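Q: here is a sequence together with a model predicted from it:
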Number of protein chains: 2
Amino acid sequence: MLNEMVDRVLEEYKSREIEKVFLVGCGGSSALMYASKYALDHEAKTIDSDLYSSNEFIHRHPAKLSEKSLVILCSHYGKTPETVNAACFAREKGAMTVSLTYDPDSPLAEASEFVIVYEEGKEQPFLNDAHAIMYELVFGLLYIKEGNPKYEAIIHSLAALRPVIEKAREQALLAAQTFGRTYRDARIIYTMGSGANYGIAYWFAICILMEMQWIHSHAIHAGEYFHGPFEILDKGVPIIQLVGLDETRPLEERSLGFSRQYGDTIITLDAKDFDLSEVDDQVKGYIAPLVLHRVLRVYAEELANARNHPLSTRRYMWKVAY
Amino acid sequence: MLNEMVDRVLEEYKSREIEKVFLVGCGGSSALMYASKYALDHEAKTIDSDLYSSNEFIHRHPAKLSEKSLVILCSHYGKTPETVNAACFAREKGAMTVSLTYDPDSPLAEASEFVIVYEEGKEQPFLNDAHAIMYELVFGLLYIKEGNPKYEAIIHSLAALRPVIEKAREQALLAAQTFGRTYRDARIIYTMGSGANYGIAYWFAICILMEMQWIHSHAIHAGEYFHGPFEILDKGVPIIQLVGLDETRPLEERSLGFSRQYGDTIITLDAKDFDLSEVDDQVKGYIAPLVLHRVLRVYAEELANARNHPLSTRRYMWKVAY
C-alpha cells in the first residue's frame, strides 16, 4: 500500500537503534513537519524529537546528534542549500538521513541516504503527498519501535483522504472568496493555532501572507495569546483562527472565544465543519491540520485573486543573491 | 556562592535519574527559558529537552513525561493558572518540579516540589536573577550528570554580570532614545534573532511591542527569514536585528546583511559592541542574550516615553475575564 521508498525506510528502521528524531527543513518544508513533532511528543514513549530550521540545526549542532539519530529532511526542489548541507552534516555524524523532495535528481536526493519522492496533484494517491509521507515515516517508526496502535488507522485514513480534502475545498470556496474580498486591503493578518495545527498557522503566516502576498503577519500560539499578543486585538485586526481536533482544541476554542468577544474581523476555520467521517476517530486530531492546510490554500488563492497579486510574485527570491 | 534554594535542587539531582527536561511557562516567562533550551541542545549528551507554553504542555501531554523528568516552570507572580496547573500535572506524573517565581507565597510555589525565589533590581546579586537561575539549574544539571566543563565559567560569568549589564545599558541609552523618537509612529516592528537569542527576540515582539505598546510585531527566526518572511522587507519596514555570540551568529549576520541592503529601517543590537571582557570566552554565546535582554529593556522604556504609552498600559490583562 505504501510506496516502495517508504517501505525501504521502514525496513531499515528494524535494524537501526533510533533514540532521537530530528525534523529539519526551511520555511514551508519545516512547517509541514510540525504536526509530526506533535505526534512524536504525544505518542513516543522512548524516542525524543526536535524540529529545527536547517541552518539552525547545523550551527546549533545538537550534542545528541549521532548514529542513533534519524534525521528527516524536506525541500520541494531539493535545492535549498541549508537543507542539503544539513543532510551532509547529519550523515557525517552517522545519522540515518531520509529526505523528502519532489525532484529525485536534486542535490538533496543525492546527499541523503534515503530519498522519498513525493507527488502533488489530485490525481495522485494521497499516500504520496508530503504531509502523508511524514506521518508514514513517523507512525511507521512508532509502530516498529514501540508497537504504536494508531499506525493502521493513520495509513487507512491517509489513503482515504483525497476525496475528503477535495470535498472540504469545494465546501470552503464561497467563504474563501468572501475572505479574499473582505481582506484584500488588509495590511496585517494574524494566524492562530495550537498543537498539531501550529505548523499550518505558521506556514500561512510566513509563506502565504508574508512571502506570497507581502502582507504583515505572525503565527500566534493560541496558548501564548493571553500572555502578551492578545493586547494587540482590536476592532479591525484580522485573525485567522484554526480550530482542530487534537488534545489542544480547548486552547484554540478559548482564543477564538476571546477574539470574537473583543474583535470583529475573526476568520474561523474549524475542522469540525468538514466531513471527516472517512477518517478514523482516534487519529482525527492528527489529520485535521492536513485538511485545514488544503482549505487554507483555497483562501490563499482567493486572496491572491482579489488582490490581483499572484501567489508566484516575488521581490527577492530567485531574483537576487542572499 | 549560589543561593541555598538552588543548592538544594543541585543536591537533589544527584539522587534522581533525569533523562528529559521540560521548560514550561507562558509569554515572557517562557521566553526567558529559551536560551536554556539552546544550551541543553548544544551541550547535553544524554539529556533531552523541550520547551512548551504551559497549557500546550498539559494538553499535548508528552508521552515521555515521567518520574525521570525534570520540569522547570516559571511565573513572575506565581499566579499564572496554566503554569500552576502544569506544575500539578507534572507532579502527578512523578516528575521533579522546580519553579522560579518572584513570590515565595504564590500558588506556583505551593504547587511545586522545589521553589526558587528570584530577585530583581540592580542592588541584588545577579546570581539571583531569573535568567541566571535558569542557567544555574541547567548547567548544574549538565555538570552533575555529564561533567560539563562550562559550569564554573557560567557561574563566574553570571556572578560578574551586574556591572557589565549596567554599563551596557548606559552605553545603549542614546541609541535607545533615537530608536524611540524614530519609531514612535511605527505600526509594525519586527524582531529577529537565532540560537540563544531567539527567545529574547520573541519576548520583545510579544511582551514589549504587542502587549505593552500595541504595536504589531513578529519574531522572525534569522534562518527562516530567507524562506518566506524576507519578502515583506521594504523601505520603511523596521526590523530589530539581534546579533549574538553563539554558534548561530553567522545566521544573524546574514539576515542583517540582507536587511541592510534592501531595507532602510534596520536597528542592530550586536553583543560585540558591548564590553563583555568580564565574561569567560567559552560561555559568551550563552551570556549574550542576557545582556541584549537588558539593553532591549532600555529600548522599550525609551519607546514608551516617546509614544507617551507607559509599559504598564493594558486593554485586557487584569481588566477583563479571559
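A: Structure's in. What do you need?
Q: which residue is the nearest non-sequential neighbour of whatever residue of the stretch 1-150 of chain A ends up closest to chain B?
A: Closest to chain B within the stretch 1-150 of chain A is residue A:27: 2.8 Å, counting by Cβ to the nearest Cβ. Every C-beta, even on glycine, is put in place using the N, C-alpha and C of the backbone. Nearest non-adjacent residue to residue A:27, counting by Cβ to Cβ, 6 or more residues apart in numbering or on different chains: residue B:227, 2.8 Å away.
Q: dihedrals phi and psi, that neighbour?
A: Main-chain torsions, residue B:227, degrees, to the nearest 10: phi -120, psi 40.
Q: would you map the strands across the stretch 201-322 of chain A?
A: Secondary structure of the stretch 201-322 of chain A (DSSP state E, counting those that start in this stretch): strands located at A:219-221, A:239-243, A:266-270.
Q: make a markdown table out of these and add mean neighbour count.
A: Shown next, in a markdown table, are these (neighbours: other Cβ atoms under 10 Å in any protein chain shown):
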| stretch | mean neighbour count |
| --- | --- |
| strand A:219-221 | 26 |
| strand A:239-243 | 26 |
| strand A:266-270 | 20 |
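Q: for these, which one sits closest to chain B?
A: Distance to chain B, taken as Cβ to the nearest Cβ, is lowest for strand A:219-221 among the strands of the stretch 201-322 of chain A, at 5.8 Å.
Q: okay, now the sheet partners of that closest one, with direction.
A: strand A:190-193 (parallel) (DSSP bridges).
Q: so what's the residue of the stretch 201-322 of chain A found nearest chain B up against?
A: Chain B sits closest to residue A:227 of the stretch 201-322 of chain A, with a gap of 2.8 Å, by Cβ to the nearest Cβ. Listed by Cβ atoms under 8 Å, 6 or more residues apart in numbering or on different chains, the contact partners of residue A:227 are B:26-30, B:53, B:80, B:206.
Q: just the residues you listed: which are in helices?
A: B:27-30 (DSSP state H).
Q: name the nearest of those residues relative to chain A.
A: For those, the nearest to chain A is residue B:27 (2.8 Å; Cβ to the nearest Cβ).
Q: what about that closest one, how many residues nearby?
A: For residue B:27, the count of nearby residues is 24 (other Cβ atoms under 10 Å in any protein chain shown).
Q: pull the most distant pair out of the contacts of residue A:227.
A: B:80 and B:206 (14.7 Å; Cβ to Cβ).
Q: higher neighbour count, those two?
A: In terms of neighbours (other Cβ under 10 Å), residue B:206 is the more surrounded of residue B:80 and residue B:206; the figures are 30 against 25.
Q: now the nearest residue to that one once chain neighbours are set aside: phi and psi?
A: In this structure, residue B:206 finds its nearest non-sequential neighbour in residue A:228, 3.7 Å apart by Cβ to Cβ, 6+ apart. Residue A:228 adopts backbone torsions of phi 150, psi -70, taken as degrees, to the nearest 10.
Q: pLDDT on stretch A:227-247, on average?
A: Mean per-residue pLDDT for stretch A:227-247: 98.
Q: repeat that for stretch A:292-299.
A: Rounded mean pLDDT across stretch A:292-299 is 98.
Q: interface residues of the stretch 201-322 of chain A facing chain B?
A: Within the stretch 201-322 of chain A, the residues that sit near chain B (Cβ under 8 Å from any Cβ of the partner chain) are A:205-207, A:210-212, A:214-218, A:221, A:223-224, A:226-234, A:247-248, A:250-251, A:254, A:258, A:262, A:314-317, A:320, A:322.
Q: burial check on residue A:292, number of neighbours?
A: 26.
Q: that one contacts residue A:271, correct?
A: Yes - in this structure residue A:292 lies within contact range of residue A:271 using Cβ atoms under 8 Å: 6.0 Å.
Q: overlap of the contact sets of those two?
A: Joint contacts of residue A:292 and residue A:271 (Cβ under 8 Å, 6+ apart) are A:242, A:244.
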